[in-house]
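Trainee: next come a sequence and a model predicted from it.
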Amino acid sequence: MSMATSSTNSWLRNQRKSDLVEIADQVGLQNYESFKKTELEVALDEYLAENSARFSGNPDLSGYFNSRSRALGSPVKREPREPAVKEEAERAIKVAKRRVTKVAEEIAAESEDSRASSSALVHTPARSLSQVAARIPLPATPADVALAVDRSTQVVRQRVSSIYQESGITEASNATREALSTVTSVLFLVNAFELYFIRQELLPNRYAFTIPAVSVIGTSDYPVYLPDMFLVLTASFWAPFLTWTFTSVVLPTLIGYFFNLSANQAATVPGPRTRARSAAASEYVVDPLTFSIAKALVSFVVYGQGVTFGGLLSSIGIERLNSAVYGGYPGILTGTAVTGLVSIYDAVLRK
């Protein structure tokens, strides 16, 4: 906008930019936000000149139209008016009044609340004091602290319980318990315990390699030993291993299969397939009690008395096994006593 400043209305030039902005908002001037003061004066002059019929009756703009009439030499009769400085002062006073009125209303509202509280405090001191005390944040009481701690504890307990359930530990522990809560599992564990010590005698550990030291975590060289699997190709392994297999697994299994009292009971249950007959038919193929008794007798005869069954078993293998098994042959007898008691307990529960 290139219009000279001197050509604008003198009344507009005497206004401050804040007043010009207020006039622009009042008359509906558009897109003036980026204008400077002189540019805004020119824009308002042009806009009011073009819409003089619309705004000439506005008392807030009388100064503009009077100044414009004098500049144009119009013979229009004007009413006496105060100088522009006084009009500007009145306008500033109006704006200040509006702001002061707003602030006064806010202060009056707060004062009203304060007076109401003070009056209530005078007339009903007990109730008013309780209301005022309720608004003041006081320290938590021991009951509140205990309640907060209890709630926090419940939240932590629920979170830990949900994590425990989502981890699957419950299902894994239940499955493990079911797998180990059988006579067959107990028999397997007892034989595995014997075989662990026998392995150290038949396949002793040999040096394999060394894990080098790691200075970052402060570890030293760690030698690693592994079973000497080359002994599997020699008779020093097979003679004792077959002896143990025959006395602890094969012969007791055969005796437990043929002397199976539970299978005989299932076969003698008469009549149709009732619940009792189904329970009897679900007994073990190899009687675990007979298996334990047979293993105890064979172990006592072989390892305690040195019987080789006519040279079928190796006497050297028997001696190696007797020295390798934990506690010797009395340790084997202890294991058979454990499995025998478990078998009897299982039979009692099934009945």
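Mentor: In hand now; what should we look at?
Trainee: spell out the residue ranges of the strands in this protein.
Mentor: Applying DSSP state E to the chain gives strands spanning 205-211, 222-227.
Trainee: any chance of the ones you listed in a markdown table, with distance to residue 183 and mean neighbour count too?
Mentor: C-beta here means a position set from N, CA and C on the backbone, and glycine is covered the same way. Listed next are the strands of the chain as a markdown table, based on distance: least, CB to CB, whole Å; neighbours: other CB atoms under 10 Å:
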| stretch | distance to residue 183 | mean neighbour count |
| --- | --- | --- |
| strand 205-211 | 33 | 11 |
| strand 222-227 | 30 | 11 |
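Trainee: of the ones you listed, which is nearest residue 11?
Mentor: Proximity to residue 11 (CB to CB) singles out strand 205-211 among the strands of the chain, at 98.5 Å.
Trainee: and that closest one, which strands flank it?
Mentor: According to DSSP bridges, strand 205-211 forms sheet pairs with strand 222-227 (antiparallel).
Trainee: can I get the strands of the chain in CSV with mean pLDDT?
Mentor: Formatted as CSV, the strands of the chain follow (pLDDT from 0 to 100):
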stretch, mean pLDDT
strand 205-211, 92
strand 222-227, 93
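Trainee: which of these sits closest to residue 339?
Mentor: Closest to residue 339 of the strands of the chain is strand 222-227 (CB to CB; 27.2 Å).
Trainee: what does that closest one contact?
Mentor: 199, 203-211, 213 (CB atoms under 8 Å, 6 or more residues apart in numbering).
Trainee: re earlier: nearest to residue 342, out of the strands of the chain?
Mentor: Per CB to CB, nearest to residue 342 of the strands of the chain: strand 222-227, 30.7 Å.
Trainee: tell me how far that closest one lies from the chain's centre.
Mentor: 42 Å (CA atoms, centre = their mean, to the nearest Å).
Trainee: return the alpha-carbon coordinates of that strand using PDB.
Mentor: Below are the C-alpha coordinates for strand 222-227, written out as PDB (Å, rounded to 0.1, in the frame of the first residue of the first chain):
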ATOM      1  CA  TYR A 222      38.900 -74.400  33.400                       C
ATOM      2  CA  PRO A 223      39.800 -78.000  32.300                       C
ATOM      3  CA  VAL A 224      36.900 -80.000  30.900                       C
ATOM      4  CA  TYR A 225      36.700 -83.800  31.400                       C
ATOM      5  CA  LEU A 226      34.400 -86.100  29.400                       C
ATOM      6  CA  PRO A 227      33.700 -89.800  29.500                       C
END
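Trainee: so residue 248 sits right up against residue 192, yeah?
Mentor: No: with contacts counted by CB atoms under 8 Å, residue 248 stays clear of residue 192, the gap being 11.2 Å.
Trainee: ok, these two, which is more surrounded?
Mentor: More crowded of residue 248 and residue 192, by other CB atoms under 10 Å: residue 248, with 24 against 9.
Trainee: return the member of the contacts of strand 222-227 nearest to residue 150.
Mentor: The closest of those to residue 150 turns out to be residue 211 (CB to CB; 51.4 Å).
Trainee: contact partners for that closest one?
Mentor: By CB under 8 Å, 6+ apart, the neighbours of residue 211 are 221-224.
Trainee: how about the contacts made by residue 199?
Mentor: Applying CB under 8 Å, 6+ apart to residue 199 gives the contacts residue 227.
Trainee: now the phi/psi pair for residue 221, please.
Mentor: phi -60, psi 140 (degrees, to the nearest 10).
Trainee: residues contacting it?
Mentor: Shown in contact with residue 221 (CB under 8 Å, 6+ apart): 210-213.
Trainee: how close does the closest residue to residue 185 other than its chain neighbours sit to residue 341?
Mentor: Counting by CB to CB, 6 or more residues apart in numbering, residue 185 lies nearest to residue 179, which is 6.3 Å off, once chain neighbours are set aside. Going from residue 179 to residue 341 by CB to CB, to the nearest Å gives 20 Å.
Trainee: and if you look at residue 311?
Mentor: Residue 311 is 35 Å from residue 341, by CB to CB.
Trainee: so which of those two has more stuff around it?
Mentor: residue 341 (13 against 7).
Trainee: list the contacts for that one?
Mentor: Per CB under 8 Å, 6+ apart, neighbours of residue 341: none.
Trainee: and the gap between it and residue 292?
Mentor: 9 Å.
Trainee: residue 28 now?
Mentor: From residue 28 to residue 292 the distance is 108 Å (CB to CB).
Trainee: looking at those two, which one has more neighbours?
Mentor: The neighbour comparison of residue 28 against residue 292 (other CB under 10 Å) goes to residue 292, with 26 against 10.
Trainee: shouldn't the more buried one be in contact with residue 340?
Mentor: Yes: counting by CB under 8 Å, residue 340 is a contact partner of residue 292 at 3.9 Å.
Trainee: so which of the strands of the chain is nearest residue 60?
Mentor: Among the strands of the chain, the nearest to residue 60 by CB to CB is strand 205-211 (95.7 Å).
Trainee: kindly format the C-alpha coordinates of that closest one as PDB.
Mentor: Presented in PDB, the C-alpha positions along strand 205-211 are these (Å, rounded to 0.1, in the frame of the first residue of the first chain):
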ATOM      1  CA  ASN A 205      36.400 -89.200  32.700                       C
ATOM      2  CA  ARG A 206      39.400 -88.100  30.600                       C
ATOM      3  CA  TYR A 207      40.800 -84.700  30.000                       C
ATOM      4  CA  ALA A 208      39.300 -83.200  26.800                       C
ATOM      5  CA  PHE A 209      40.100 -79.500  26.500                       C
ATOM      6  CA  THR A 210      40.500 -76.300  28.600                       C
ATOM      7  CA  ILE A 211      38.300 -73.300  28.600                       C
END
